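> got a predicted structure plus its sequence, pasted below:
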Amino acid sequence: NDPIGKVHISLVPLTPSGNPNFLSGWFPIFDTLHGIRGEIKIVVKVKYISDTKQSSCGVKLFYSKTVPPIYQLIEVKSFVEELVIEDDPEYKWIDKIRTTRASNEARQLLFLELAASLQRKIGSKVLDLGGNAVVGYRQCLDLEGSFGVVVRAVGTCVLLRENEPPISPSTPGDPNKSLLSSTATEPITPDHESPNKVLPLLLKQSSVSKKHSCTSDSLSDTGTLFPETPGPMVQTHFPIKQPKMASNYADFPFYTMGSFPPGFVSSIGGLVSSRSVRLLDKLESMPEESDTRDKLWLELRKEVRTHMKTLGCTAVIGYSEQSTICDKLCVLSAIGTAVILNSSPILSDDLQRCKPCHIPYNLQSSPFNITPHNCAVCGAGKVPDILLTTIDLLPSTPVNGNGCFVQVQAFRTKKKQTGENSARDIGQQLPFLEYELHQQLSHKLKIKGMNAVVGIRYELCVGETAILYIASGTAVYLSPLPPASPLRVRCDTADSAQADMLQEAIQAAYEKNVTCYNISRAESISGPAPDLNLSLTNKDVIVVDIEDPKDEKKIANSLKSIFPDHMFTSSSSTVPGVNADSIPCEGAHILTQICRVDTPGLETAALDKIINTNIQLLCFKLRKYKSSFLSNIRFDVHMPEEDKLVILISAIGTISLPVSPVARAVNTKRRFHRFLSSASNEIRFCEEELSSGLDSSGALTNTAVTLTPADHLPGATVQHSYGHMSVFLIRESADVRDLSSFTKNFIMEAQAIMRAHVASLGGNALFEFRISELVLVDSPQKFQAQILLSLTGDAANVTYDNRQS
Amino acid sequence: DSSCSSYDKSIVALDTRDQYQTFCILEPLFRKPPALASSPVVNMPFITDTLLQQYYSLDAEVARELVGRGQKMTAKLRKDLDIISDKTGITLKSCLRQYDNIKRIYKEVDEKEGKVAQNIQRYYGLSPSLCQQYAAIIYILDNRIDVTPRKVPGLTYPALVKCVSVLMSEWCPSSEGSSDMDTDRAFLKELHSLKDKVSESMLVGMVNHGCETLKNNPDYPKNFVMELRKLAVKLMSIGYSLVHTKDYTDIFIDLDEMILRPWASAGLPFSLLELGLSKLLGCYVNAATNTGLYSTISTFERYLRPISSCLLVLSNS
């Protein structure tokens, strides 16, 4: 009577939204106690009659922070958010008498149902707002233990229109041709020399045109929507009407999108964030639980909005919400980049490309003590000396040299406390942690000779005995901003010789970085720095006080670059200053590294070392290649157990082979195979993706489904986007000999399930693939372990360019 | 490896551990390659193929030892693998893998119709050379052919594979219901029956007659024809006895002891062996045609041809 396993299928992609109305494929049969036990062929056909319950059929959700390339952005509507709460089956009384399997399956199903109901609610909101899709969708699962489980999501409601199928994707360099051919009925002559010319809007849907009538002043450019995104997007040249921003956004002008079409962002104010520490048992007494949680987030958003206004900005972009829960304590945080957003794009000439970096607020009334500098590009505007943004680099912003990945962390152990005491403790610690984090970030930037961090991501994790705060992003030298001022060491203790040595080391590291990242010397400070004038305090030079050996060690540690010199690194899909298209790249591999660390007795330095080691492990996999990219580097931290810290590091490793253009036309598969077999005879299991237990690249396996955390695949053109996909899986075992193998195997199985779902729709790629939750609990004495995974991504069908040739 | 040099040793160690973990996931699938190909979990077709070939790779020294034990793959042999490991300097783990692989493939293709190498190729997807090696090993094990290194010193693994492959292709037609592991009994019986038809004197006579021109040729050693005569007689007596299983298992020992060693001890170079063997067929055809044994020519040829190539391979090794 033992069940074999189950298959959960979501029919959402089969609803009328341009997707096929049937799916068919082999689905892995998954059992929470035994893993994948076999496969079953399932064919599902959906006949759509009518939408009686306003189920929001046809609204597509995309995890991608950019508009999928087959769509054209008509209008950005507004911020949408939703939250649902339910009791966690694992904490119900019945769990005491039912089997582990039943309990796990009940949870899996509940999470799926909650996510689906959340998506319906979001969908209804989208329809109410007049949109038809959500981009930058972020779904989070908050396991509040006995208080229930919360599934919440945020996103940006947009109105999209499907592009006509690409006519000549092979001639990407000729926009005129495809432009004319695709609009033969209504010929438009693009005029590149006068970009201010107004183009008639081509609207086919009457409902859309009504909304659009107010944008008659919208300016035009026949460029692409998101020119900074390499790959297929740039190749679809269509008469792009300028998208616009809806003026009647709901309450919050927040956008989860990570990048905007050029001309929208007029000025960047800076990071805005807010955080709150809550006790869950205080919430429980209130009547409607989802209401109270809604209120919590509402408060947070209001605070962010206030910060935004303080910075003289009109919108928050790259907005995200995050929570960390430990027992009854819950820390919620919201963060974004405050900007001034134009309701329709104003395309400025080259001289004005520096404008977004200019300080938008009045310096006199500014609440903080900042030293403005004159913009190094135009000389007119005022710029700050450091800029942090949650969004990726704006496409037009001038940069000096290459960007690189930067990551810092602040770690504290804390006393085991409960209730109010614990909340107070955390509340008091957080500002210090944040200070430490930013101090380190600033030091690292100085050493790298850079002055901004784009695509910054904060990951706060509170456990019972520790707090970890990680910030990661892409460091870059923005040309408008002043060069990084040198890092100076001041040593109060007598040993000045040591301080001198450190100072020399800093200078050497700086020199090396400037060369390595190709930063032009004319703009950066070089040569011996002027004498120190400490009366200037922290304004002109950053002074590091070395008070105890720990400080010194910390600085010394941050000097070493953890990446090899020839590797380009980034927290997003692109490396600022590097045109990925110009470098022949073959094969993108997902690399995942999971490390578990015991928190008791752990010190920041030790943790630094562990994290660096794990990043280097990723680099190690790419060691064979002369030049390589490590992009989409991302940290996820969880402390599901009292004294264990789980860090999930994921990245895409892209190798670039020195291949001549002629040779590139050769079948990639064969070439790669040969490449592999010509490698040395050492044990080569897992040379690349294998090693991290992952899956191989699109270029290699044209027929297989490619999972990628990025929003595009090099050399691939998107033919169809099926929308989002999310899977919750629980795996439990009472016979775990090696936890990391167990985890690795489970992740491989989970990916297999994702691939099967994508393939059943006819897709062959999953973009924005994330393992967004990873709850890992084990008791090694009993050989038991339980893992909960939440996997998300956008399913799509792509064709590979090199296959055609 | 120079590319590793810039990394800390601990990184290399961690990465190696990581590789082994992946290997642990893959290994059960390597044992059943069809499962590997259809596995939803492992999605790395090109690399797994390379790894599969490596997983089934054989070390000549180990394989030579394994087939030279004169026993089928017994549990005792598996226990004694440490001796082989010590002798060859190849790790016990690797020896165990090779032992298990041979045993697994043997079990899988045993009792299957058709050519063993093709069956291996079909099921395991191994490279042609590997399939050939496994087929040869299985043939040796299945027919209990004695290739104990002590008894046939100097018989190297590649030579062994070559010889066995020749024998398999010439003497073991895989007809319906049988595989090329079974020697054609009818042929061996026919060969045996030649004993009554072809007398020793006929063999001596045919060599004398056929090699008339070489007898007084100063380019050839004086005893060449004499030795060739002896060789022809011995070769045929080996052939007559192959019908007995015991003698068949000793085929390599007999070839070594009765043909190659006397040839060498007579001071003749092995380069002349090739010429001599090629002459034999012509001599026989002449003699048989003259004595009305025309019908036996094909049997003789079927015997002589593979044996000649075996002898040449053996003499080279």
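Cool, the structure landed.
> only C-alpha atoms for contact and neighbour calcs from this point on.
Will do.
> where does pLDDT dip in chain B?
B:1-4, B:43-46, B:70-71, B:175-177 (pLDDT under 70).
> please report phi then psi for the residue of it found nearest chain A.
Nearest residue of chain B to chain A: residue B:41, at 4.9 Å (CA to the nearest CA). Backbone torsions of residue B:41, given as degrees, to the nearest 10, read phi -80, psi -40.
> reduced to three states, what does residue A:130 come out as?
coil (DSSP: H, G, I helix; E, B strand; the rest coil).
> make that residue A:137, sorry
Secondary structure state of residue A:137, per three-state DSSP, is strand.
> what about residue B:246, how many residues close to it?
The criterion is other CA atoms under 10 Å in any protein chain shown. On that basis, residue B:246 has 14 neighbouring residues.
> now it: how far from residue A:106?
Going from residue B:246 to residue A:106 by CA to CA, to the nearest Å gives 68 Å.
> same check, this time on residue A:730
Residue A:730 is 10 Å from residue A:106, where distance means CA to CA.
> how close does residue B:156 sit to residue A:798?
Distance from residue B:156 to residue A:798, by CA to CA: 53 Å.
> these two: which is more packed in?
Between residue B:156 and residue A:798, counted using other CA under 10 Å, residue A:798 has the larger neighbour count: 24 against 18.
> that one against residue A:765, yeah?
Yes. Here residue A:798 lies in contact with residue A:765, judged by CA atoms under 8 Å, at a distance of 6.7 Å.
> picking that back up, so for residue A:730 and residue A:106, which sits in the more crowded spot?
Per other CA under 10 Å, whichever of residue A:730 and residue A:106 has more neighbours is residue A:730, with 24 against 16.
> give me phi/psi at the more buried one?
Dihedral angles (degrees, to the nearest 10) for residue A:730: phi -120, psi 140.
> okay, and the beta partners of the residue lying closest to it once chain neighbours are set aside?
Nearest non-adjacent residue to residue A:730, counting by CA to CA, 6 or more residues apart in numbering or on different chains: residue A:788, 4.5 Å away. On the basis of DSSP bridges, residue A:788 is bridged to residue A:730, residue A:775.
> ok, residue A:788 - contacts?
Neighbouring residues of residue A:788 by CA atoms under 8 Å, 6 or more residues apart in numbering or on different chains: A:728, A:729, A:730, A:731, A:773, A:774, A:775, A:776.
> same question for residue A:608.
Contacts of residue A:608 by CA under 8 Å, 6+ apart are residue A:409.
> helix, strand, or coil at it?
Under three-state DSSP, residue A:608 falls in the helix class.
> if you average pLDDT per helix and strand, which one of chain A comes out bottom?
The least trusted helix or strand in chain A, going by mean pLDDT, DSSP states H and E, turns out to be helix A:206-212, with a mean of 31.
> for the stretch 201-317 of chain B, just list every one of the helices.
Shown for the stretch 201-317 of chain B, the helices assigned by DSSP state H, counting those that start in this stretch span residues B:212-215, B:224-241, B:245-249, B:251-254, B:261-265, B:271-291, B:297-316.
> in the stretch 201-350 of chain A, which spans are strands?
Under the criterion DSSP state E, counting those that start in this stretch, strands of the stretch 201-350 of chain A are mapped to A:244-245, A:254-255, A:265-279, A:315-326, A:329-341.
> could you dump those to JSON lines with distance to residue A:440 and mean pLDDT?
Formatted as JSON lines, the strands of the stretch 201-350 of chain A follow (distance: least, CA to CA, whole Å; pLDDT from 0 to 100):
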{"stretch": "strand A:244-245", "distance to residue A:440": "37", "mean pLDDT": "72"}
{"stretch": "strand A:254-255", "distance to residue A:440": "29", "mean pLDDT": "90"}
{"stretch": "strand A:265-279", "distance to residue A:440": "17", "mean pLDDT": "89"}
{"stretch": "strand A:315-326", "distance to residue A:440": "22", "mean pLDDT": "90"}
{"stretch": "strand A:329-341", "distance to residue A:440": "20", "mean pLDDT": "91"}
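> between those strands, which one is closest to chain B.
strand A:315-326 (29.6 Å).
> what's that closest one packed up against?
With contacts taken as 3 or more CA pairs under 8 Å, 6 or more residues apart in numbering or on different chains; DSSP states H and E, strand A:315-326 sits against strand A:133-143, strand A:254-255, helix A:289-310, strand A:329-341, strand A:452-462.
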